[in-house]
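A.B. asks: based on what follows, work out the 3D shape:
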Amino acid sequence: MHKEATAIWKGGPLAGEGRVYTPSGALAGTVFSLGHPLMDGLCTNPCEILAAAQAACIASMIAAEISASHMAPMEVEAKATVTLERKAAWRITAITVDVVAHAEHPDTEKFEAAVRRAEEHCPITQLFNVKPVIQARLFPAIPADVA
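C.D. replies: Okay, here's the model as predicted:
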């Protein structure tokens, strides 16, 4: 599988802006900056895009692993936080992922094993030089007529 994206940056690092495009159209000229507070409006930055990729990958991998463990995943929500710090150079120094999952037939032991397998199989996790800290909680499925 090959996926691609194109980013175009115009201007200097503080006054410029970029746009990112994907063939799927999910990112269709989405404005990005270097993450400084001078940008107003709808704008992302590379660190936020990495956090989104980490959250999406872990959520889908946990759903797959829950399903393989004979628990029916109803919803898996993952919130990833990527910490970027400037030392000698800009570095990602921490990644945390907070996961809340709802599944039919919840089993805490199977769920914890599923989370470990998901972390091992998530290709985005493998990109980072720091190991993500994943905090995951499992709850019974919410009946459809209540949700």
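
A.B. asks: look up phi and psi at Val31.
C.D. replies: phi -70, psi 140 (degrees, to the nearest 10).

A.B. asks: residues near the closest residue to it other than its chain neighbours, how many?
C.D. replies: Beyond its immediate neighbours in the sequence, the residue positioned closest to Val31 (Cβ to Cβ, 6 or more residues apart in numbering) is Cys43, lying 4.8 Å away. No exception for glycine: its C-beta is placed from N, CA and C like everyone else's. Using other Cβ atoms under 10 Å, Cys43 is surrounded by 14 other residues.

A.B. asks: OK, contacts around Cys43?
C.D. replies: 17, 31-33 (Cβ atoms under 8 Å, 6 or more residues apart in numbering).

A.B. asks: tell me the spacing between it and Ala51.
C.D. replies: 15 Å (Cβ to Cβ, to the nearest Å).

A.B. asks: for Gly12, same thing?
C.D. replies: Gly12 is 25 Å from Ala51, by Cβ to Cβ.

A.B. asks: check Thr96 too.
C.D. replies: 10 Å.

A.B. asks: who has more neighbours out of the two?
C.D. replies: For Thr96 versus Ala51, the count of surrounding residues by other Cβ under 10 Å is larger for Ala51: 22 against 15.

A.B. asks: three-state assignment of the more buried one?
C.D. replies: On the three-state scheme (DSSP: H, G, I helix; E, B strand; the rest coil), Ala51 is labelled helix.

A.B. asks: and if you look at Ala114?
C.D. replies: When the rule is three-state DSSP, Ala114 gets the label helix.

A.B. asks: how is the chain partitioned into domains?
C.D. replies: The record's domain split for the chain, according to automatic domain parsing, is 1-44, 46-140.

A.B. asks: how about TSV for those domains, with mean pLDDT added?
C.D. replies: Formatted as TSV, the domains of the chain follow (pLDDT from 0 to 100):
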stretch	mean pLDDT
domain 1-44	83
domain 46-140	92
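
A.B. asks: okay, those domains, which one's buried deepest?
C.D. replies: domain 46-140 (a mean of 16; mean count of other Cβ atoms under 10 Å).
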